[in-house]
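> the amino acid sequence is not available; the structure is as follows:
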């Protein structure tokens, strides 16, 4: 099963966008499924504030785990990971128009009216599913 298929399977099993993306890579990152799902949980819905899309946050966690700085004097890893972060977010915005959750959904999910609008228009199940798939496709481009 591909990473995209895994991520979509998690999403269809009612896990959040951020969880779906990180959990799809858990094995390769040395994380258990439970660890990945818990670590990524609080990043869904733009950290519950409609900010950076949770699928993007999950993808950035993957990049951090693969390439991030772990030693205080390892500035090469820091530089590489920062470049990958910028590359990911720029590509996501290029293909999608934004990486901000409220912009993507077209409503303000920090308000009850915005959440109701998103639910009644099934945005959390349709648009968010597409964002999970897009985030993984971009990750695959970068990782290769």
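Looks like it came in fine. Computed from a predicted model, the values in this text were never measured in an experiment.

> centroid residue for the chain?
residue 55 (2.0 Å; C-alpha atoms, centre = their mean).

> what does the one helix or strand it maps to contact?
According to DSSP states H and E, residue 55 maps onto helix 54-67. Identification of contacts with helix 54-67 by C-beta atoms under 8 Å, 6 or more residues apart in numbering yields 16-22, 25, 29-31, 39-40, 43-47, 77, 80-81, 84-85, 88-89, 92, 99, 101, 128, 131-132, 134-136, 138-139, 142-143. Yep, even glycine has a C-beta here, placed from its N, CA and C like the rest.

> and if we set it to 7 Å?
Under the criterion C-beta atoms under 7 Å, 6 or more residues apart in numbering, residues 16-22, 25, 29, 39-40, 43-46, 77, 80-81, 84-85, 88-89, 92, 99, 131-132, 135, 138-139, 143 lie in contact with helix 54-67.

> list the buried residues in it.
54-63, 65-67 (16 or more other C-beta atoms under 10 Å).

> how near is the closest residue to residue 80 other than its chain neighbours to residue 116?
Of all residues not flanking residue 80 in the chain, residue 67 sits nearest, at 5.4 Å (C-beta to C-beta, 6 or more residues apart in numbering). Separation of residue 67 from residue 116 (C-beta to C-beta, to the nearest Å): 40 Å.

> likewise residue 99?
24 Å.

> between those two, tell me which one has more neighbours.
residue 99 (24 against 12; other C-beta atoms under 10 Å).

> just the buried ones from the contacts of helix 54-67, in PyMOL syntax?
This is the PyMOL syntax for the buried subset of the contacts of helix 54-67, where burial follows 16+ other C-beta under 10 Å:
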select buried, resi 16+17+18+19+20+21+22+25+29+39+40+43+44+45+46+80+81+84+85+88+89+92+99+131+132+135+138+139
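
> can you tell me which of the contacts of helix 54-67 are in strands?
Using DSSP state E, no member of the contacts of helix 54-67 falls within strands.

> from residue 52, how far off is the residue nearest to residue 80?
Residue 67 is 19 Å from residue 52, by C-beta to C-beta.

> how many other residues sit next to residue 82?
Applying other C-beta under 10 Å, I find that residue 82 has 14 neighbouring residues.

> contacting residues for it?
With C-beta under 7 Å, 6+ apart, residue 82 has no contacts at all.
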